[in-house]
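*Asks:* How does the following fold in three dimensions:
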Amino acid sequence: MALRIKHQTSDSSWTTPAAGSIRVKSDGQWRTAISVKVKQGGVWVDSGYVAYPNPATSFTGSGGNGDNRQVTFTWTAPSSGATVTGYRLYIYNSSDTQIGTVNLGTGTSYTYTFGAASTTYYVRLKTLGIAGESQTFSTNTSSGTRLRVVTGAASYPYDNSRWSANVSFVASYWTQSQWPGEPYGDYTYHGSKAFDNNSGTYWTGQSWAWPGGSEWLGFTLAAGGARRKIVALYNLPSGNRASTVSLDEFVYPNFAWTGRYWQGGEVFGFQVIPCDFEISPFSTRYFRLFYTDLGYNPNAYGNYRVLTAEVHGDYQDWITDTGTVAATSNTTTNA
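*Replies:* Numbering: from 1, shown residues only. Below is the predicted model of the structure:
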């Protein structure tokens with residue numbers, strides 16, 4: 001049967017009470033009636049009155065990170081009150097302004113995807129029944145009515161690739177390739193002696209090339225990393241010392257000059273040529289090491305001779321350092 005009530009008003013009409021609007025006093029407190037029965041023909045029958053559902057409890061959330069921005073919310077269904085037909089999740093921004101709602105079924109967990117990483121949100125929950133929403137929000141584990149969600153930072157790639165510090169190259173990594181023909185003058189190549197760390201043995205020389213001369217260099221990278229860069233060459237002469245040493249690059253076998261040129265000066269006994277060129281593994285680059293201004297000495301032609309005792313150098317390896325900084329976790333707390 002339908003329940004109808006009559007208020008003492010001017011129209012004195014009978015009206016059907018709105019769902020959830022009847023309250024009764026119990027133990028000194030006014031409480032919302034869950035159901036109402038009336039006595040009809042000596043029998044108590046259900047009036048059909050519908051009450052509001054009670055709120056859920058133990059509302060909490062966890063999980064997710066800044067990439068998926070997902071948090072799984074859980075709660076405990078009310079143990080009394082009107083029948084629960086679902087739940088409604090309320091989403092608020094950092095200013096506590098409502099920005100969305102999600103209607104849910106009767107389950108007690110739901111995974112929600114937030115809109116942005118590294119952002120603060122607030123979340124509330126209400127129970128749904130035939131009469132509508134619960135009159136209050138569900139409570140969290142500290143008896144509050146909302147949760148604060150701070151989404152984690154999103155992952156991002158990084159690239160710290162760089163050239164290494166200078167490393168002195170040795171014969172096991174670098175070999176002096178035979179350039180066709182012989183140098184000017186009466187000295188032949190002895191490639192292995194360029195790297196033997198013995199300044200008393202000569203790689204090659206220029207006898208009659210006053211006021212200058214040149215040596216051909218072919219450096220082959222026989223081992224090592226995928227990218228290697230020569231950053232300095234050190235020429236250790238024996239006897240007459242050129243006031244200027246230089247290096248330029250040519251293309252073998254037609255001796256075409258590439259336009260790449262470096263010039264150096266004397267440092268701690270070596271004639272140092274700062275440079276900048278890469279050599280890939282198992283490839284060769286060709287250069288000319290040449291001298292100028294040996295000075296004038298009329299006593300003998302031999303005084304103009306330049307003997308190259310050692311050729312040293314510095315290189316840098318390319319260090320590949322790339323990856324991804326992982327996303328950080330979302331945090332959910334009572335608020």
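*Asks:* could you give the mean pLDDT of stretch 124-139?
*Replies:* Across stretch 124-139, the average pLDDT comes to 93.
*Asks:* starting at the chain centroid, how far to that stretch?
*Replies:* Stretch 124-139 sits 43 Å away from the centroid of its parent chain (Cα atoms, centre = their mean, to the nearest Å).
*Asks:* and if you look at stretch 62-81?
*Replies:* Counting by Cα atoms, centre = their mean, stretch 62-81 is centred 29 Å from the centre of its parent chain.
*Asks:* okay, it in CSV with CA atoms only?
*Replies:* Extracted in CSV, the C-alpha atoms of stretch 62-81 (Å, rounded to 0.1, in the frame of the first residue of the first chain):
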residue,chain,number,x,y,z
SER,A,62,46.3,2.9,-3.6
GLY,A,63,48.5,2.0,-6.5
GLY,A,64,49.5,3.4,-9.9
ASN,A,65,52.2,5.9,-11.0
GLY,A,66,52.7,9.0,-13.0
ASP,A,67,52.5,7.1,-16.3
ASN,A,68,49.2,5.3,-15.9
ARG,A,69,47.8,7.8,-13.3
GLN,A,70,45.5,5.1,-12.0
VAL,A,71,44.4,4.7,-8.4
THR,A,72,42.3,1.7,-7.2
PHE,A,73,39.7,2.8,-4.6
THR,A,74,38.1,0.3,-2.2
TRP,A,75,35.5,0.6,0.5
THR,A,76,33.2,-1.4,2.8
ALA,A,77,29.5,-1.6,1.9
PRO,A,78,27.1,-0.3,4.5
SER,A,79,25.9,-3.1,6.8
SER,A,80,22.4,-1.5,7.3
GLY,A,81,20.0,0.8,5.7
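*Asks:* residue contacts, the residue nearest the centre of the chain?
*Replies:* Using Cα atoms, centre = their mean, the residue of the chain that lies closest to the mean C-alpha position is P157, 2.8 Å off. Contact partners of P157, counting by Cβ atoms under 8 Å, 6 or more residues apart in numbering, are T322, G323, T324, V325. From N, CA and C alone the C-beta is placed, and that goes for glycine too.
*Asks:* one more time with 7 Å, if that's ok
*Replies:* Neighbouring residues of P157 by Cβ atoms under 7 Å, 6 or more residues apart in numbering: T324.
*Asks:* Give me the sheet partners of the one helix or strand it maps to and which way each runs.
*Replies:* Using DSSP states H and E, P157 falls within strand 156-159. Applying DSSP bridges, strand 156-159 is found paired with strand 322-325 (antiparallel).
*Asks:* show me the contacts for the residue nearest to E133 when sequence neighbours are not counted.
*Replies:* Spatially, and ignoring its direct neighbours in sequence, E133 is nearest to K126 (4.5 Å; Cβ to Cβ, 6 or more residues apart in numbering). Neighbouring residues of K126 by Cβ under 7 Å, 6+ apart: P55, Y87, R88, E133, S134, F137, S138.
*Asks:* Reformat these as CSV; add neighbour count, distance to S243 and secondary structure.
*Replies:* As requested, the contacts of K126 are exported to CSV (neighbours: other Cβ atoms under 10 Å; distance: Cβ to Cβ, whole Å; DSSP: H, G, I helix; E, B strand; the rest coil):
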residue, neighbour count, distance to S243, secondary structure
P55, 21, 93, coil
Y87, 27, 89, strand
R88, 18, 89, strand
E133, 17, 94, strand
S134, 25, 95, coil
F137, 19, 88, coil
S138, 26, 89, coil
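*Asks:* Columns distance to V71 on top of those residues, output as TSV?
*Replies:* Compiled in TSV, these are given as follows (distance: Cβ to Cβ, whole Å):
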residue	distance to V71
P55	20
Y87	15
R88	17
E133	22
S134	22
F137	17
S138	15
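*Asks:* Which strand or helix spans W318?
*Replies:* Per DSSP H and E: W318 is located in strand 306-319.
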